[in-house]
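A.B. asks: mind looking at a prediction? Sequence and model below.
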Amino acid sequence: MTEALDAPSISQVAVAPSRKPNSDQAPRITATGRGAIAIVRISGDEAAAILERVFRPGEARSMRPWRLVYGRVVDPDDHRELDEALAVLMPAPRSYTGEDSAEIQIHGSPLIVEQVLQ
């Protein structure tokens, strides 16, 4: 649990499309603008720690690999709830990027997406 406190926030990880292996990134992977759902993918060595820092599982109480879990996205600094969400943790090598990754599915409002990416 201590490791998660030292993990970078979503906005602190690199978002550049061309990146070196094992560098963390957190791009929005759905189209920009308004939509019902937006998905943010966190990839890299710190993916699980970042997810732990910003996502609070609901009844599941913990994250298990490749299981979609309902919970809440929170601001890691003040623990203010930002949105209800679904999240999934995908350890390497069985992920889209081939490295540790997590996806957070949130409501698609541009304001909510911006707050989550901060």
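C.D. replies: Everything's here; your move.
A.B. asks: what's the local residue count around residue 104?
C.D. replies: By other CB atoms under 10 Å, 23 other residues sit near residue 104. In short, each C-beta sits where N, CA and C put it, glycine included.
A.B. asks: show me the contacts for it.
C.D. replies: By CB atoms under 8 Å, 6 or more residues apart in numbering, the residues touching residue 104 are 39-40, 42, 51, 54-55, 73, 85-87, 116.
A.B. asks: partner residues bridging it?
C.D. replies: Applying DSSP bridges to residue 104 gives these bridge partners: residue 40, residue 87.
A.B. asks: give me the pLDDT for it.
C.D. replies: Per-residue pLDDT puts residue 104 at 94.
A.B. asks: which one of the contacts of residue 104 is nearest to residue 105?
C.D. replies: Nearest to residue 105 among those: residue 86, at 4.3 Å, using CB to CB.
A.B. asks: what pLDDT is listed against that closest one?
C.D. replies: 97.
A.B. asks: do the same with the one 10 residues further on
C.D. replies: Residue 96 is assigned a predicted lDDT (pLDDT) of 82.
A.B. asks: any idea how many residues pack against the residue lying closest to residue 99 once chain neighbours are set aside?
C.D. replies: With sequence-adjacent residues excluded and distances taken as CB to CB, 6 or more residues apart in numbering, residue 99 is closest to residue 92, at 4.7 Å. Using other CB under 10 Å, residue 92 has 15 neighbouring residues.
A.B. asks: which stretches of this structure have low pLDDT?
C.D. replies: In the predicted model, the chain carries pLDDT under 70 at residues 1-33.
A.B. asks: which parts of it are helices?
C.D. replies: Along the chain, counting by DSSP state H, helices occupy 2-6, 47-54, 110-117.
A.B. asks: which of the residues in the second one are buried?
C.D. replies: For helix 47-54, a neighbour-count test (16 or more other CB atoms under 10 Å) marks 47-54 as buried.
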